[in-house]
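[1] One predicted model, sequence on top.
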Amino acid sequence: MSLIPYLAAGWIMLVGVYGLVTSHHLVHAVVCLSVAQSSTYVLLPSIGYRKGGTAPVFSDLTDSRTPVVDPVVQALTLTDIVVGSTVTALLLALAVQVAKRRGTLDPDALRSLERER
């Protein structure tokens, strides 16, 4: 078992979180959040990986001791990709609405929540 996929997932997460914390633009923050969330695309398949494993199709296996990869984490990864892209699209749509209503995408300029009259 190698630690490289876990270290890569952790590094991708740290890069995304660092970008999110230091962001001064809403679109940049959405992209950094998407990068942080994409670390799970590396983490989930590495959890289900088995060295020498085959696809989880059991009709062609003659030896019952042949290792197979876990199909559940593959399904979770696909679900993660769909949910991640949906959340990114929703957050970008909200950023567009903020830009239309407030005229800026700078989070520091959006600190006040009181209504402008």
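    Alright, I've got the coordinates. Numbering: from 1, shown residues only.
[2] helix, strand or coil for the closest residue in space to Ser46 that isn't next to it in sequence?
    Nearest residue to Ser46, sequence neighbours excluded (CB to CB, 6 or more residues apart in numbering): Pro5, at 3.4 Å. Where you see a C-beta, it was placed from the backbone N, CA and C, and this is true even at glycine. At Pro5 the chain is in helix, as set by DSSP: H, G, I helix; E, B strand; the rest coil.
[3] my guess is Arg50 contacts Val73, does it?
    No. The pair Arg50 / Val73 is not scored as a contact, 10.9 Å apart, by CB atoms under 8 Å.
[4] Which secondary structure element is home to Ser85?
    Element membership for Ser85, per DSSP states H and E: helix 71-102.
[5] hang on, the earlier thing: who has more neighbours out of Arg50 and Val73?
    Ranked by neighbour count (other CB atoms under 10 Å), Arg50 and Val73 place Val73 first, with 17 against 12.
[6] show me the contacts for that one.
    Leu44, Pro45, Ile47, Gly48 (CB atoms under 8 Å, 6 or more residues apart in numbering).
[7] Now the second one. Nearest residue, chain neighbours left out?
    Taking CB to CB, 6+ apart, and ignoring the residues beside it in sequence, Pro45 has Thr77 as its nearest neighbour in space, at 5.7 Å.
[8] List the residues that contact the one you found.
    Counting by CB under 8 Å, 6+ apart, Thr77 makes contact with Thr40, Tyr41, Leu44, Pro45.
[9] For Gly52, see how far away Ala75 is.
    Distance of Ala75 to Gly52, given as CB to CB, to the nearest Å: 22 Å.
[10] Which of these two has more residues huddled nearby?
    More neighbours surround Ala75 than the other of Ala75 and Gly52, with 12 against 8 (other CB under 10 Å).
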